[in-house]
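In: With the sequence up front, the predicted model follows.
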Amino acid sequence: MKNSLPILADPAASPFPASAPPVGDGAARGTYAFVSLGCPKNLVDSETMLGKLAASGYALVPDPDGADFVVVNTCGFIGPSREESKSVVREMLDLKAAGRTGGVVVAGCLPGRVGAEQVRKDLPGVDHVMNVFGRDEISTVADRLTEGRRGVSPVTEQRDVFRPAAIRALDDTARLRITPDHFAYLKISEGCDRTCTFCSIPMMRGRHVTKPIEQVVAEARELAADGVKELILVAQDTTYYGLDLYGEVRLAALLRALEEVDGLEWIRLMYLYPIHFTDELIDTIAGSGKVLPYLDMPLQHVSDRVLKRMTRRTNRAKTEELVGKLRDRIPNLVLRTTMLVGFPGETEAEFQELVDFVTDWRFERLGAFPFSPEPGTPSMKLDGHLPPEVCQERADALMAAQQTAAFAFADSLVGYELDVLIDSDEGNGVYTGRTFADAPEIDGSVRLTLPGGIDAELEIGAFIPAELTARDGYDWLATAALLDDDDEYSDDGPDDD
């Protein structure tokens, strides 16, 4: 999992929901700043809280200095991400101590990971603490922080907002999105029932809870109506979708329903656990005009003994059978995976087995992560913990082995024409975009220019046919293709073929 850099929510980055007042409206109940940390699942939580605050009349400002309060939606996944979260909170507390912001709210995974008491011990001065299941009460928390400033008798108690576990799938409608208008993340479930010995996610997000198909489709329609063309489905365990609610996995059925949503052009799948990958799901992906042949499937390892110690409930033979089946049945497939190296007890021979596996199967996209001891996880009790420097050396070595496959894949597409989704205008006729093979933030990008002599302006969020002319590291250089004699460019979606 990639821990993103801090995102300071900018009110100019996305339109407010219809019920929200514009920034700077004198009728606003108060002003606030918002910092979002962590993974795309956390980002959806941030956007939902932003939407609730906007709908309640609070005005988002781009700078915490001078705001009535600031919310930091934290990450708690591994030690470095927790330290990053604490560092950001301390910056906000310094502003509060200097009288330059009115209050500090700590939300998200850090409180869920360490508990409210520990948050208050580590970060004295925090006004409110809320975990991921308390996010729907963010407006109530805001009211407590601003009542005195609005002439209302303030509530002085510091009431933490927690829920012990997810008892329902949270509603993510009416979001104020941080992402660009043309793509969005959509959570299809919450929590995880896996018992991977290295993972702390169930501590923070509870058991798996499927969001009903009708609810997911309704959220997708809302996002499409707001201009979203690329919908990125996320969960802790995407292939598990539906098992708890319907008694069977229903991801294929969900994808067929989402294909009917007008306005969506690309549907990208992330975090697909290798178990519950049914033939129906493979056929649905292979035959879809919208679901991209891009699958993010974290495998973590390939050694049978290491997988057993990780409690991954699979083995090398099953992994190779699945990867082979996906390659054979899904045309133009791009596979992204993640590997965890340096797991307690991993021998040199087992690590070399992993390197050989990655070399042989030539994954187009791969991330390697060194094992990080996480307090409270079963892996802490295992024997054979390796020095951190050994774990990092192995991660570096695996990425070096992977680079050959990644570069070979990029080189193989040079000279081909692909649709490029424009993400940003870099100026001087240069644009940055992505192909179907590239997820936002974690994969490469395309640096696109117009043909010589063409003076046109491309729309952000447009799909532009472009010839990939060269590889630039993990990225591509490309030239936009002419569409007609008038040198016009389309913002319509790509053709199905």
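Out: Thanks, I have it.

In: tell me the domain ranges of the chain?
Out: Here the domain parsing of the chain from automatic domain parsing is 4-150, 183-412, 414-480.

In: which residues sit in contact with the residue nearest to residue 181 when sequence neighbours are not counted?
Out: Nearest residue to residue 181, sequence neighbours excluded (C-beta to C-beta, 6 or more residues apart in numbering): residue 227, at 4.2 Å. Every residue, glycine included, has its C-beta placed from N, CA and C. The contact partners of residue 227, by C-beta atoms under 8 Å, 6 or more residues apart in numbering, come to 181-182, 263, 461.

In: and the gap between residue 393 and residue 272?
Out: Remark: distance between residue 393 and residue 272 (C-beta to C-beta, to the nearest Å) = 29 Å.

In: Looking at the two, which has the bigger crowd around it?
Out: For residue 393 versus residue 272, neighbours defined as other C-beta atoms under 10 Å are more numerous around residue 272 (26 against 16).

In: where exactly do the helices run in the stretch 101-250 of the chain?
Out: Taking DSSP state H, counting those that start in this stretch, the helices of the stretch 101-250 of the chain run over residues 109-114, 116-122, 138-146, 201-205, 213-225, 243-246.

In: Now for the residue nearest to residue 102 when sequence neighbours are not counted: which residues touch it?
Out: Excluding its sequence neighbours, the residue lying closest to residue 102 (C-beta to C-beta, 6+ apart) is residue 68, at 4.5 Å. Counting by C-beta under 8 Å, 6+ apart, residue 68 makes contact with 30-32, 101-103, 145-146, 149.

In: Could you tell me which of those residues belong to strands?
Out: Counting by DSSP state E, the contacts of residue 68 place 30-32 in strands.

In: Would you format those as CSV with pLDDT, distance to residue 424 and neighbour count included?
Out: Listed next are the ones in strands among the contacts of residue 68 as CSV, based on pLDDT from 0 to 100; distance: C-beta to C-beta, whole Å; neighbours: other C-beta atoms under 10 Å:
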residue, pLDDT, distance to residue 424, neighbour count
30, 93, 32, 21
31, 95, 28, 23
32, 96, 27, 28
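
In: Quickly note the distance from residue 468 to residue 306.
Out: Residue 468 sits 37 Å away from residue 306, going by C-beta to C-beta.

In: Check residue 96 too.
Out: Separation of residue 96 from residue 306 (C-beta to C-beta): 46 Å.

In: same deal with residue 84?
Out: For residue 84 relative to residue 306 (C-beta to C-beta), the value is 28 Å.

In: now swap in residue 132 and tell me
Out: Using C-beta to C-beta, residue 132 is found at 30 Å from residue 306.

In: what ranges do the helices span in the stretch 251-400 of the chain?
Out: Applying DSSP H, counting those that start in this stretch to the stretch 251-400 of the chain gives helices spanning 251-259, 279-286, 304-310, 316-329, 348-361, 388-413.

In: what would those helices look like in TSV with distance to residue 197 and mean pLDDT?
Out: Shown next, in TSV, are the helices of the stretch 251-400 of the chain (distance: least, C-beta to C-beta, whole Å; pLDDT from 0 to 100):
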stretch	distance to residue 197	mean pLDDT
helix 251-259	25	98
helix 279-286	27	97
helix 304-310	6	97
helix 316-329	18	97
helix 348-361	16	98
helix 388-413	16	97
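
In: quick one, which of the ones you listed is nearest to residue 64?
Out: Residue 64 lies closest to helix 388-413 among the helices of the stretch 251-400 of the chain, at 34.0 Å (C-beta to C-beta).

In: what element comes up after the closest one heading to the C-terminus?
Out: Where DSSP states H and E defines the elements, the next helix or strand beyond helix 388-413 is strand 417-427.

In: Can you give the contact residues for that next one?
Out: Strand 417-427 is contacted by residues 180, 182-183, 229-230, 266, 431-436, 440, 445-448, 457-468, 478, 480-481, 494 when judged by C-beta under 8 Å, 6+ apart.

In: Residue 84 and residue 306: which has the busier surroundings?
Out: The neighbour comparison of residue 84 against residue 306 (other C-beta under 10 Å) goes to residue 306, with 23 against 18.

In: Hmm, that one is touching residue 350, no?
Out: Yes: if you go by C-beta atoms under 8 Å, residue 306 and residue 350 touch, sitting 5.6 Å apart.

In: Next, the angle strand 417-427 makes with the host helix or strand of residue 471.
Out: Secondary structure from DSSP H and E places residue 471 in strand 463-472. Here strand 463-472 runs at an angle of 80 degrees relative to strand 417-427 (axes from the mean of the first three to the mean of the last three C-alpha atoms, to 10 degrees).

In: Parallel or antiparallel, list what pairs with strand 463-472.
Out: Paired neighbours of strand 463-472 in the sheet (DSSP bridges): strand 417-427 (antiparallel), strand 475-480 (antiparallel).

In: mean confidence score for it?
Out: Over the span of strand 463-472, the pLDDT mean works out to 97.

In: neighbours around residue 225, how many?
Out: Counted with other C-beta under 10 Å, the neighbours of residue 225 add up to 11.

In: Contact partners for it?
Out: residue 263.

In: Use 8 as the first number for this chain going forward.
Out: With the count now opening at 8, the last piece we talked about shows up as residue 232.

In: So it versus residue 225, what's the distance?
Out: 11 Å.

In: Return the set of buried residues in stretch 461-481.
Out: Within stretch 461-481, the residues that qualify as buried are 465, 467-475, 478, counting by 16 or more other C-beta atoms under 10 Å.

In: How about stretch 381-390?
Out: Here stretch 381-390 shows 381, 384, 386, 389 as buried, counting by 16+ other C-beta under 10 Å.

In: Next, find the distance separating the residue nearest to residue 414 when sequence neighbours are not counted from residue 426.
Out: Leaving out its chain neighbours, the residue that sits closest to residue 414 by C-beta to C-beta, 6+ apart is residue 478, at 6.7 Å. Per C-beta to C-beta, residue 478 is found 18 Å from residue 426.
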